[in-house]
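Enquirer: predicted structure and sequence below. I'll ask about it afterward.
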Amino acid sequence: MRDRKVSDTRQLLGIKGGSETTNIWKLRLQLMKPITWIPLLWGVICGAAASGNYHWDISNVLASIACMVMSGPLLTGYTQTINDYYDREIDAINEPSRPIPSGAISLTQVRLQIWALLGAGLAFAYGLDTWAGHSTPTVFLLALGGSFVSYIYSAPPLKLKQNGWLGNYALGASYIALPWWAGQALFGQLTWTTALLTLAYSLAGLGIAVINDFKSVEGDRELGLNSLPVVFGIRNASFISAGMINIFQLAMVGVLIIIGQHLASVILVLLIVPQITFQDIWLLRDPLAFDVKYQASAQPFLILGMLVTAIAIGHSSLINI
């Protein structure tokens, strides 16, 4: 019974190894991969904190929730659905039980879901700009740009994911920089300095994106996609992943020291240490077997580190220029 519940939960969250279902709404949710929404929701929180202008009143709380819905269920749901749509041949090799290759949901229904999620996400973005009184629809433009990146990441002829470095960076930036920018623009002003720093932070996100490639290495190799595990091998790719995650977080430690946020820099170092520990325990030993365990154990420390960095930025007059 417990194994069945775990399998059902995996199915709803969009995690590999979930049970099969014929319920159309469960299938739609599986395509949207709710497990992937978490970094986006957190990114909005980080952006709001970095703005230095978030207030705990009902208006700000509702606006932040709306921004999270836009970033997570709607636009990340759109991203994941369109990715499954264009990856149906790869999934037929790696995960044939997924909704599309298994035939549990028709391509027409998938296309309707893609357009519905995209339209709703952009509508939310426009509404948030209206609430914030933006003369330039900043959140809408960010949502539109992010949606375009999601499309060219998955769809031919560009299909950025064919290139391991470029595709994974696009994914990392979409998960770290874009929701951060949306949250910061909604409650304050997005500066070029912060934008560049979050793009640098997104290189840590590139390392996280590599982990998602381990489960599809067989299909990627067969269809000629140059993911990092295909190009460098699984073991070398696991070291690349760990290195990117650690190096660019440590770079943020240096930034915090430079802007005078010394306590935040110490806290960030303390949050990096357990990540390195879990890399040794799970990621570097067998990423194919332990990818889910690694992400579940290490990523909470990564996203907490993002929040620490964001709060420090929000309190620094040196960086808000």
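Expert: In hand now; what should we look at? Numbering: from 1, shown residues only.
Enquirer: switch to C-alpha atoms for all contacts and neighbour counts from now on
Expert: Will do.
Enquirer: and T191, how close does it get to A310?
Expert: Look at T191 and A310: by CA to CA, to the nearest Å, they are 13 Å apart.
Enquirer: L197 too?
Expert: On the measure of CA to CA, L197 and A310 end up 10 Å apart.
Enquirer: name the residue in the two with the higher neighbour count.
Expert: For L197 and A310, the more surrounded residue by other CA atoms under 10 Å is A310, and the numbers stand at 26 against 15.
Enquirer: so the more buried one is in contact with W42, correct?
Expert: No - in this structure, A310 is not within contact of W42 by CA atoms under 8 Å, at 10.9 Å.
Enquirer: now the element after the helix or strand where L29 lies, going C-ward?
Expert: Secondary structure assigned from DSSP states H and E places L29 in helix 24-32. Towards the C-terminus, the helix or strand next in line after helix 24-32, according to DSSP H and E, is helix 37-51.
Enquirer: tell me the mean pLDDT for the helix or strand just after that following helix?
Expert: Past helix 37-51, heading to the C-terminal end, the next element that is a helix or strand (DSSP H and E) is helix 58-69. pLDDT averaged over helix 58-69 equals 98, rounded to a whole number.
Enquirer: ok, stretch 127-139 next?
Expert: Taken as a whole, stretch 127-139 has an average pLDDT of 97.
Enquirer: residue contacts, T21?
Expert: If a contact means CA atoms under 8 Å, 6 or more residues apart in numbering, then T21 has L27, A104 as its contacts.
Enquirer: give me the element it is part of.
Expert: Assessed by DSSP H and E, T21 sits outside every helix and strand.
Enquirer: Q189: which element?
Expert: For Q189, no secondary-structure element claims it when assigned by DSSP H and E, so it is in no helix or strand.
Enquirer: next, count neighbours for the residue lying closest to it once chain neighbours are set aside.
Expert: Nearest residue to Q189 in three dimensions, chain neighbours excluded: S51, at 6.6 Å (CA to CA, 6 or more residues apart in numbering). By the measure other CA under 10 Å, the count of residues near S51 is 26.
Enquirer: now do S51, the pLDDT please.
Expert: 94.
Enquirer: and what of S317?
Expert: S317 carries a pLDDT value of 61.
Enquirer: all numbers from here: first residue = 201
Expert: Yes, from this point I'll number from 201; that puts the last item at S517.
Enquirer: give me the distance between the residue nearest to Q389 and T394.
Expert: For S251, the distance to T394 equals 10 Å [CA to CA].
Enquirer: over to Q449?
Expert: Applying CA to CA, the value for Q449 to T394 is 15 Å.
Enquirer: gap between S350 and L344?
Expert: 10 Å.
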